[in-house]
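**Q** Need coordinates for the following:
(one chain, ligands or ions: 2)
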Amino acid sequence: MSTLFAFEDALEEIKHNANVRVEQQTLTLTNAVGRILAIDVVAGISVPTHDNSAMDGYALACADWYAGKHFNVSQRIAAGRHPEPLIPGTCARIFTGANIPAGADTVVMQENAQPVGDKVVFDEQPSLADNVRPQGQDMQLGQTVIKAGVKITPIHIGLLSSLGISEVNVYKQLNVGILTTGDELIPTGTSLKAGQIYNSNGPMLSALVTQAGHNVSLCIHAADTLEDTKAALKTLMQSCDVILSSGGVSVGEEDHVKGALEKLGKVHLWKIAIKPGKPLVHATLQGIPFLGLPGNPSSTLVTYHWFARLLLSICSGQIAELPQSYLVDAGFNRNKTIQRDEFLRVSVGKDGLAYAHPQQSSGALLAASESQGYLHVKANTQVEYGHSYPFYPFSAF
Ligand SMILES: Nc1nc2c(c(=O)[nH]1)N[C@H]1C(S)=C(S)[C@@H](COP(=O)(O)OP(=O)(O)OC[C@H]3O[C@@H](n4cnc5c(N)ncnc54)[C@H](O)[C@@H]3O)O[C@H]1N2
Ligand code: MOO
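**A** Ligands and ions are numbered 1, 2, ... in the order given. Model prediction:
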């Protein structure tokens, strides 16, 4: 056990060996959602550009009000019109989004105004700046509104549009290569023979990588030989920015990934004190970051979520952030402790407590699909009913 990397140390080591591996490009906003911003966006205007009305009503100078005053309505200001300065002592009919005229500082909503002939009376004393949205309330000229390294969301598209921006500098998509290993594996769509299983990690990894916004540029399956594994890696190295693999990283003589890595590059770490996912291997192959995920499907999932996701984020130019957890009380006891950090597949019940799926084998994937996330139980720690542990919903990854 002493040779296993601690979970946090492994995260640090992978961060240490990762760097941005993609160039920049300019995209129109319509194509930019989901891409990584390459340069900070600084507001070139204030939003809103002028003080404007939050209500349909009347604009006035607050100091002009006294009980029973009959205000003349000296102009009508619709949104999009440039107002004249307010004639002192009068008010202006104004509509939501219209600019406040010079000389006015307050808006009374029309429900609180009594028309009296061609004049208007405001029964309640207004407060200064009522219903006025000040210039720059949302964004100030010169303010950094989105930082480089942020993944562009639909909210950002709205924000950028309100600044009048139609193009952004983003990073090109990361080209990710995927290697699967194992002589027992066959692709879906073919019939199983004795001893065979379907390759599920390849499609799952492709889907995870694609969902994260990267490009799966090449998928190769290698036979369980050192030569075939080396040949597959060499092919992937020709065109991929980062390489992930599944299986073949344990200690058996059928496991050739680590051996091939040692021949072709530098191995930085092997074996982490986590369950599932212990035999993860991390290397660099002629500058190309590589992560070898263990083949058991839940081990592949867990190590993708914690390590591959982080590596791909950094290499694609994204700000490296670990997923957000929140504390949830356990709804069960577990006296057994292990010397590895454990990521139990759990669901949170209506009572707010976390319940472990009864099937925690790293070979079982249905348990993950029936769960909502991971409960992180630190090494050598029991789980006690009612005690809180960090919960990471799958949506956080
Ligand atoms: N003597 C020891 N044996 C094992 C150890 C150990 O420490 N000493 N560690 C175990 C742990 S923990 C794990 S995790 C696995 C990881 O092994 P590998 O990464 O070498 O994976 P494989 O042996 O190639 O496969 C494991 C398992 O997963 C299935 N698999 C592999 N690839 C796929 C795929 N693409 N799709 C679906 N299923 C896949 C494979 O058939 C095996 O059942 O090692 C333990 N052994
Ligand atoms: O560390 Mo392994 O993933 O338990 O089977």
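**Q** drop to CA atoms for contacts and neighbour counts, all remaining ones
**A** OK.
**Q** For Leu174, see how far away Arg93 is.
**A** 55 Å (C-alpha to C-alpha, to the nearest Å).
**Q** Between those two, which has more neighbouring residues?
**A** A count of neighbours by other C-alpha atoms under 10 Å puts Leu174 above the other of Arg93 and Leu174, at 24 against 20.
**Q** All the helices of the protein, residue numbers only.
**A** Under the criterion DSSP state H, the chain contains helices at 7-16, 154-162, 201-211, 226-239, 257-264, 297-303, 309-315, 366-369.
**Q** Now distance to ligand 1 and mean pLDDT too, for these, in JSON lines please.
**A** Formatted as JSON lines, those follow (distance: least, C-alpha to the nearest ligand atom, whole Å; pLDDT from 0 to 100):
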{"stretch": "helix 7-16", "distance to ligand 1": "15", "mean pLDDT": "97"}
{"stretch": "helix 154-162", "distance to ligand 1": "34", "mean pLDDT": "98"}
{"stretch": "helix 201-211", "distance to ligand 1": "4", "mean pLDDT": "98"}
{"stretch": "helix 226-239", "distance to ligand 1": "12", "mean pLDDT": "97"}
{"stretch": "helix 257-264", "distance to ligand 1": "8", "mean pLDDT": "96"}
{"stretch": "helix 297-303", "distance to ligand 1": "6", "mean pLDDT": "98"}
{"stretch": "helix 309-315", "distance to ligand 1": "18", "mean pLDDT": "98"}
{"stretch": "helix 366-369", "distance to ligand 1": "13", "mean pLDDT": "98"}
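**Q** can you tell which of the ones you listed is closest to ligand 2?
**A** helix 297-303 (4.2 Å; C-alpha to the nearest ligand atom).
**Q** Just checking that closest one against ligand 2, any contact.
**A** Yes - Helix 297-303 reaches ligand 2 (C-alpha under 6 Å from any ligand atom) through Ser299.
**Q** can you list contacts of that helix?
**A** For helix 297-303, the surrounding residues in contact (C-alpha atoms under 8 Å, 6 or more residues apart in numbering) are 200-201, 246, 275-278, 280, 293-294, 343, 361-365, 368.
**Q** please redo it, this time with the cut-off set to 10 Å
**A** If you take C-alpha atoms under 10 Å, 6 or more residues apart in numbering as the criterion, helix 297-303 is touched by 199-202, 204-205, 208, 245-247, 274-280, 291-295, 304-305, 308-309, 343-345, 360-368, 374.
**Q** Contacting ligand 2 as well, which ones from those residues?
**A** Restricting the contacts of helix 297-303 to contacts with ligand 2 (C-alpha under 6 Å from any ligand atom) yields 275-278, 362.
**Q** so which two of those residues are the farthest from each other?
**A** The distance between the two most remote of these (C-alpha to C-alpha) is 10.4 Å, for Lys278 and Ser362.
**Q** intersection of neighbour lists for these two?
**A** With C-alpha under 10 Å, 6+ apart, Lys278 and Ser362 have common neighbours 294, 299.
**Q** Can I get the helices of the chain in JSON lines including mean neighbour count?
**A** Formatted as JSON lines, the helices of the chain follow (neighbours: other C-alpha atoms under 10 Å):
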{"stretch": "helix 7-16", "mean neighbour count": "16"}
{"stretch": "helix 154-162", "mean neighbour count": "15"}
{"stretch": "helix 201-211", "mean neighbour count": "18"}
{"stretch": "helix 226-239", "mean neighbour count": "18"}
{"stretch": "helix 257-264", "mean neighbour count": "18"}
{"stretch": "helix 297-303", "mean neighbour count": "25"}
{"stretch": "helix 309-315", "mean neighbour count": "24"}
{"stretch": "helix 366-369", "mean neighbour count": "16"}
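**Q** okay if I get those helices as CSV plus distance to Glu124?
**A** Formatted as CSV, the helices of the chain follow (distance: least, C-alpha to C-alpha, whole Å):
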stretch, distance to Glu124
helix 7-16, 61
helix 154-162, 35
helix 201-211, 56
helix 226-239, 72
helix 257-264, 78
helix 297-303, 62
helix 309-315, 56
helix 366-369, 59
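**Q** Ok, which of those comes nearest Leu27?
**A** helix 154-162 (12.0 Å).
**Q** Might one say that Val257 is in contact with Leu226?
**A** Yes - with contact defined as C-alpha atoms under 10 Å, Val257 counts as touching Leu226 (7.5 Å).
**Q** Also near ligand 1: which of the ones next to ligand 2 among the contacts of helix 297-303, exactly?
**A** 277-278.
**Q** Among the ones next to ligand 2 among the contacts of helix 297-303, which ones are in strands?
**A** Using DSSP state E, the members of those that fall in strands are Lys275.
**Q** Show me which of the ones next to ligand 2 among the contacts of helix 297-303 is closest to Glu167.
**A** Nearest to Glu167 among these, with distances taken as C-alpha to C-alpha, is Gly277, at 41.6 Å.
**Q** Next up, the contacts around the residue nearest to Lys119 when sequence neighbours are not counted.
**A** Using C-alpha to C-alpha, 6 or more residues apart in numbering and skipping residues adjacent in sequence, the residue nearest Lys119 is Asn72, 4.9 Å away. Contact analysis of Asn72 by C-alpha under 10 Å, 6+ apart lists 87, 89-93, 118-121.
**Q** From ligand 2, how far out is Asn72?
**A** Counting by C-alpha to the nearest ligand atom, to the nearest Å, the gap from Asn72 to ligand 2 is 79 Å.
**Q** and if you look at Asn215?
**A** 26 Å.
**Q** so that residue bridges to which residues?
**A** Asn175 (DSSP bridges).
**Q** what's the burial count for it?
**A** Asn215, neighbours per other C-alpha under 10 Å, totals 17.
**Q** wait, which of the helices of the chain is closest to Val22?
**A** Of all the helices of the chain, helix 309-315 comes closest under C-alpha to C-alpha, at 7.2 Å.
**Q** Just give me the residue closest to the centre of the chain.
**A** Nearest to the geometric centre of the chain sits Lys151, at 6.7 Å (C-alpha atoms, centre = their mean).
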